[in-house]
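> fold the following and give me the result.
(chains A, B, C and D)
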There are 4 protein chains.
Amino acid sequence: MNEAASTLSLAGRYRYVRAATEALASPLSPEDQTVQSMPDVSPTKWHLAHTSWFFEAFVLAPYRSGYGRFDDSYAFLFNSYYERMGSRHPRPERGLISRPGVAEIERYREHVDDAMSEWLSGPLEGGIEDLVELGLQHEQQHEELLLMDIKHVFSRNPTLPSYSPDGSDGRSTGHEGVAPAEWIEHEGGIAEIGHDGDGFCFDNERPRHDVILRPFALASRPVTCGEWLEFMEDGGYSRPELWLSEGWGAVCSGRWRAPLYWSEVDGEWSLFTLHGSRRIDPLEPACHISYYEADAYATWAGRRLPSEEEWEVAARMEAQPGSGIGSAGQPAMGRRGAVPEWSGVVAALHPRAVGTSSPLMGDVWHWTRSSYSAYPGYRVPAGAVGEYNGKFMVSQYVLRGGCCVTPCGHARLTYRNFFPPSARWPFTGVRLAADR
Amino acid sequence: MNEAASTLSLAGRYRYVRAATEALASPLSPEDQTVQSMPDVSPTKWHLAHTSWFFEAFVLAPYRSGYGRFDDSYAFLFNSYYERMGSRHPRPERGLISRPGVAEIERYREHVDDAMSEWLSGPLEGGIEDLVELGLQHEQQHEELLLMDIKHVFSRNPTLPSYSPDGSDGRSTGHEGVAPAEWIEHEGGIAEIGHDGDGFCFDNERPRHDVILRPFALASRPVTCGEWLEFMEDGGYSRPELWLSEGWGAVCSGRWRAPLYWSEVDGEWSLFTLHGSRRIDPLEPACHISYYEADAYATWAGRRLPSEEEWEVAARMEAQPGSGIGSAGQPAMGRRGAVPEWSGVVAALHPRAVGTSSPLMGDVWHWTRSSYSAYPGYRVPAGAVGEYNGKFMVSQYVLRGGCCVTPCGHARLTYRNFFPPSARWPFTGVRLAADR
Amino acid sequence: MNEAASTLSLAGRYRYVRAATEALASPLSPEDQTVQSMPDVSPTKWHLAHTSWFFEAFVLAPYRSGYGRFDDSYAFLFNSYYERMGSRHPRPERGLISRPGVAEIERYREHVDDAMSEWLSGPLEGGIEDLVELGLQHEQQHEELLLMDIKHVFSRNPTLPSYSPDGSDGRSTGHEGVAPAEWIEHEGGIAEIGHDGDGFCFDNERPRHDVILRPFALASRPVTCGEWLEFMEDGGYSRPELWLSEGWGAVCSGRWRAPLYWSEVDGEWSLFTLHGSRRIDPLEPACHISYYEADAYATWAGRRLPSEEEWEVAARMEAQPGSGIGSAGQPAMGRRGAVPEWSGVVAALHPRAVGTSSPLMGDVWHWTRSSYSAYPGYRVPAGAVGEYNGKFMVSQYVLRGGCCVTPCGHARLTYRNFFPPSARWPFTGVRLAADR
Amino acid sequence: MNEAASTLSLAGRYRYVRAATEALASPLSPEDQTVQSMPDVSPTKWHLAHTSWFFEAFVLAPYRSGYGRFDDSYAFLFNSYYERMGSRHPRPERGLISRPGVAEIERYREHVDDAMSEWLSGPLEGGIEDLVELGLQHEQQHEELLLMDIKHVFSRNPTLPSYSPDGSDGRSTGHEGVAPAEWIEHEGGIAEIGHDGDGFCFDNERPRHDVILRPFALASRPVTCGEWLEFMEDGGYSRPELWLSEGWGAVCSGRWRAPLYWSEVDGEWSLFTLHGSRRIDPLEPACHISYYEADAYATWAGRRLPSEEEWEVAARMEAQPGSGIGSAGQPAMGRRGAVPEWSGVVAALHPRAVGTSSPLMGDVWHWTRSSYSAYPGYRVPAGAVGEYNGKFMVSQYVLRGGCCVTPCGHARLTYRNFFPPSARWPFTGVRLAADR
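Next comes the predicted model:
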């Protein structure tokens, strides 16, 4: 939650987050909300239903006496991956389901909201508040996924629709306008990382623990599109010696020549955005790159990716008032109307030129070289909620920071996002590190 | 065209056919119209757009001076397979395209209809009428495809939606109510098949030519669900000796145990229909079977499939007044309103019990043992229209007759439908033949 | 059997055919005999074992009292596709089986040969002779397959090994040396095709029956490599309008630019043969083409493929003494030594320039436009032998004639070979036909 | 190298290692040596050639004046993955290459050995010794791979051949004979791991560096087959809550019910070994399990996998004289004859009952929870040799210890083996850890 919103009551925050999700879906037609463009992507209306199911299945059904489920089939249709909650519809087939339609899912949301609002207007038993908070954080994660996913859906349409029109054509005055990255130096030693128990965090951010660091430096900003073009022009996508073996396999089989959503027309590079297609802006952070590409770029640049420990320690050094870290978006108030547009929910629909937003909690997620795994002493929580994070701790890499479509105030310094190293459809970028 | 409709002017028939397609789509939400459940299936809204593009691309654009295309991108999006008309969107990705949406495609149809109606209200140059007629026949083929396809789409939804509610639960009084099939005997010899030039036909029905037939017999009605259950109970799907080698491969890889859309719950068989799920009616024709299954059934029964020559000759013997062959559906009149429901377009949404409809031009297509190939002397027509039939003359088998969702009056005795031997989603059944 | 061989006793012919198979395998190392380069291909040692299993399973075990099977596991390993003979090893995994090795399979052959020779030295009960004859014809089919298959195996080796060295570099003096194809004219009418009962034939060649033919003409020789180069130079592989839809799909997905085994180096085309790689000879028949390519070529040339009926009728017109049709290869005598080389078994390892061999029973199989199906009145034989042909009568096309690696005397005018339309590794070519 | 061997001169050790590889191949026929049973597996003769190419390409060709390559095509055929050494034959197609055959590869090995032996008999320039040592270590890795791979090849043969006959039927007196695992306790704190620079190590074992450990305990022995049976009987393979999400996907898609090579016949479990098939011995370490299975077992047992840091620190505590860690196998002397059997190269062909070998450097590799990545300060070496380890540092997990088919003396406490989490064909087991 952003700072303003965090002053709201739980009931108020519930209304805010729920309305925010609907605001993000509001520019989309029923047809738009139905399509699944690849197995990783979910249809918009599935996101709308699943986040409601989360409250129904984990909060209302078990704890709110008298609650009646909206539709018994929804437990099958809208369970994402919770084995303990029973069998469910296969993920790659979410786009085959035209019914329930958008209008019925809207009624589902209202049904859940009515029950929740009534409940939240009174005192809650212990533990329920934590579950509600988890449900809200969960829904915010899906707000970001919704935007990532619809961007991919639109990118597969030859007419390249725009989620939200925007006057800019994306071309800034030139790359010469950006100063070279500086280095945030750290002398190494023992440091603490992980969440310290104040405020909400996910289980995977705990326990806070000591780590040993060698002296290192972290770049003051992410790699820009202009720098990425230099990498490309220097044969970045055709020199296997720069790549991890598995990454080079992805380059060859996927015929990668540039980041996802980039396309070359008549020798000039454009990229597809939620505002439609536009020319590359050299000052923007390079975005939609896989771990493989991030690593290859770092090798080419004679640097490396930071570990998540290095990232967190360096980020904490920078976390000063005015740095933008932890800063708030605009507050919002209520259901249906109060949060009319995406601009009340996320900072931007596309990464902004470096220098215009926080360098660490920036406009693209930063790949780290750290495999996603349990912190020392981590224990999986009991029950179905225990499936939230722990069972994904293999074959993925940690990303830190946040991105332009992360809901305002949702991320934090200790936040651990994760994706497989081949993922390109999230808003991912690279922040270089170096040994000292 | 059905008989009544065939008395209409070309302009009237144009209005009728176009309205009929829209009537079939009318029970479907925008979400329903967007989904593609397998590469063979097209979304409903794609059918609505493609049939309009056919008139635009083959009639209006080349021949109607002053016609302005509705949207230049549609030539790419809605060309199905006409290589001569330029590149096009890949068929398996039709379900990824949310825009243009249903409303915009409706406007596209109106744009084309306005231009066509104005044109058809006056005299037409030579040759244009034939193209318009081809466009109408083409659209009627897509009316059938639209229903086949949406049935498949709904079948993949765990909630098994109903295209059109129906009070019947599908269970008739019992199989004992149906008489054994009789045999239509033919003494063999030289006979003629193929269209003789009166009225519309597709190029693949010509030229009419002599064939030599051995004495044979054709069953008086298709195999029923009751008979199919006997085949299943006798191990039909677990005895490789009954099957073509390629068919047995399909049984094993697809784990076929029954026709498509059949499911067993607690020892009782149900099937999915456009009216939703219901119990098997033993009197109905067995439907949604592949060529492989048709052939295996015939082997099990000690019979064989008819050749398309045998089928056509026997069908002509039966084509008497009152036989229902060539009989008409209800006429219909105009755009938007005059044909409000599917019942004005097709005879039924599910095969009716044998005896209640024409045996030859019946409620299921009849697989023949004839590979789909050119008649002797056939020549592919010039131009893009030449891609209509000829280029599919490999690896497919001919089906004859028509089915319950074939638009009334569309098929005829010489009509050659075709599908690959693995296809199960059309309304396909089996009519046995035997040597004499 | 060739004519000389056909004068041999059954025992003598048994020895001849068995020795011939071993002669074909003799240039191959144990390693060569182990490899399976695609699911359609079988390892050489599998062919050697399977043909022995055929005699063991269909002749010795059921009818020769006292016969002891060599190894019980062989019924599983070396059954090809006979469902009635029990379960068997999956075809695509034949190349995973290193043991039994070549030496043990040699002992298996000797074991079967000893039992057969002793049996054949005395009088046989009725019906056994037919089974032995079928076993020999079956083995001759595998002799051709063995050569087709090892050619494919070697073609996948970057060092392009030679099965049999040959001094020729393949380049003849030039295409100008070949006369244009002439046309064998036929006035049409009713004709008979199929085997008439004299001498051995497969079940699929019966019953002999009448067919109606339109006036047609058949080219006097197959299309040559020189002519194929003209097709290629005229954009044959890049013009979709020339292709069947399914064929164009194969061109695109397989990136076909030329027949199988052709490769372009520095602007010059070479092809891989059983003698190794060599330059294209424009006078040779074009070989290793699929049905799709054959059809596209015919379309380009303004002609069509012949039906199998046309082919057989025209071939019979030509079948004169001295025409080479039905002519014999060299006789051979006994086991191990008498048939030391491939040249005693097949006419050539690569198609020879047109004019040097029989035009109809020539050096490449001729694709026909006829789908492989049962002749009118055909009935599948009883028992496992009934699986020999009938169950493959779907999705394949008939080829006629024979090819350079067909064992001498094995084929005949009524012989019906068949392959799927995508097959390219057999020695397949095209003979044009035209309407008259 | 084992201790005795390590006293040999470099020339002596060269002869020993090269002869050892050949000893491992000696029970295999040319057919056996040709087969590739899955993309991860290489044919035996490929291993024999590739290890020779390594010396030719990295030592002889660049540094030995006057050396003549044996065959220029081998650089393409036998390069495994060194991008800087040029293009190469695709890994999944190694089993398609019958030639060069076993005899020719034998000559290749002699050619390389002759050149190396002559060179090694005199003084070497600086740096060459390190390359030769790397080549020997590389060849020892392939000795283990050769046995892993041929085991997989044989497992795909329905006759289940035996690499080496053995009288044992594998069933020990019972699981009651094994004491419960004890716990090696560690109080945590700062410790050092990594190689310290004495003797050979791979680049990935450096630099030695400090780590922080929490108090933990490591089991005194690996999980046994008897314990694994308990896991299975408790529904281990059917309870998704025990599994990582990706692991459960592997269980479902691969239909895993037990470790690789286990099979159930009439309610009794057997496993396939290099001695053929035999009954499960409950006292043996469970082997051929994936990371997913290791993790699921640990979850079921209420424990976890150790980190590689924990493993190394605990192993060092145990590394006492007589503990078996670092202990030697038998020495061996020379080429062709001196190392006649596998028993002179590896300790056993199948894991022995716990208690009979070193607990830490034991008979199965131990999965750790550590993703394979660079140690802090690691730098990829320059040149093609730099591709040896660094480019695989993604999507794999570290295994520690060694296994029964690791060449005697090859592994060490700091050795980092790695495989993808789905790999089951190495000799992999699980050693539990716990927080304290």
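> all contacts plus neighbour counts: C-alpha atoms, from now on.
OK.
> give me every residue in the stretch 301-436 of chain A lying close to chain D.
A:371, A:376-377, A:390-396, A:421, A:435 (Cα under 8 Å from any Cα of the partner chain).
> which of those are buried?
A:371, A:377, A:390-396, A:421, A:435 (16 or more other Cα atoms under 10 Å in any protein chain shown).
> and these, which of them are in strands?
A:371, A:435 (DSSP state E).
> show only the entries of the buried ones among the residues of the stretch 301-436 of chain A next to chain D found in helices.
Using DSSP state H, no member of those sits in helices.
> closest one of the buried ones among the residues of the stretch 301-436 of chain A next to chain D to chain C?
Closest approach to chain C among these (Cα to the nearest Cα): A:Pro421, at 28.5 Å.
> neighbours of the residue nearest to the closest one when sequence neighbours are not counted, how many?
Distance criterion Cα to Cα, 6 or more residues apart in numbering or on different chains; nearest residue to A:Pro421, sequence neighbours excluded, is A:Tyr291 at 4.6 Å. A count of nearby residues for A:Tyr291, using other Cα atoms under 10 Å in any protein chain shown, gives 30.
> likewise A:Trp300?
Neighbour count for A:Trp300, taken as other Cα under 10 Å: 18.
> please report how far the closest residue to it other than its chain neighbours lies from A:Arg431.
Sequence neighbours aside, A:Leu242 is the residue nearest to A:Trp300 in space, at 6.1 Å (criterion: Cα to Cα, 6+ apart). Distance of A:Leu242 to A:Arg431, computed by Cα to Cα, to the nearest Å: 17 Å.
> neighbour-wise, which of the two wins?
A:Arg431 (28 against 22).
> A strand includes the more buried one, no?
No. Assigned with DSSP: H, G, I helix; E, B strand; the rest coil, A:Arg431 falls outside any strand and is coil.
> list just the nearest of the residues of the stretch 301-436 of chain A next to chain D to D:Leu213.
Distance to D:Leu213, by Cα to Cα, is smallest for A:Pro376 among those, at 8.5 Å.
> quick check: that closest one vs D:Ala314, distance?
17 Å.
> residues in contact with A:Ser87?
A:Phe76 (Cα atoms under 8 Å, 6 or more residues apart in numbering or on different chains).
> again, 10 Å this time
If a contact means Cα atoms under 10 Å, 6 or more residues apart in numbering or on different chains, then A:Ser87 has A:75-77, A:79-81 as its contacts.
> for the stretch 151-300 of chain A, which spans come out with low pLDDT?
Low-confidence segments of the stretch 151-300 of chain A (pLDDT under 70): A:167-177.
> surely the residue nearest to A:Trp300 touches A:Arg303?
No. In this structure, A:Leu242 is not within contact of A:Arg303 by Cα atoms under 10 Å, at 11.6 Å.
> quickly list what's touching both of those two.
With Cα under 10 Å, 6+ apart as the test, A:Leu242 and A:Arg303 both reach A:295-297.
> ok, so of the residues you listed, who is nearest D:His209?
Out of these, the member with the shortest distance to D:His209 (by Cα to Cα) is A:Asp295, at 23.1 Å.
> right, and the helix or strand after the helix or strand encompassing the closest one?
For A:Asp295, the host element (DSSP states H and E) is helix A:291-300. Sequence order places helix A:308-318 as the next helix or strand after helix A:291-300, per DSSP H and E.
> which SS state does the residue in the stretch 201-350 of chain A that chain C sits nearest to fall under?
Nearest residue of the stretch 201-350 of chain A to chain C, counting by Cα to the nearest Cα: A:Ser253, 14.7 Å away. What three-state DSSP gives for A:Ser253 is helix.
> quick check: the gap between whichever residue of the stretch 301-436 of chain A sits closest to chain B and A:Leu131.
Nearest residue of the stretch 301-436 of chain A to chain B: A:Trp425, at 16.1 Å (Cα to the nearest Cα). According to Cα to Cα, A:Trp425 stands 29 Å off from A:Leu131.
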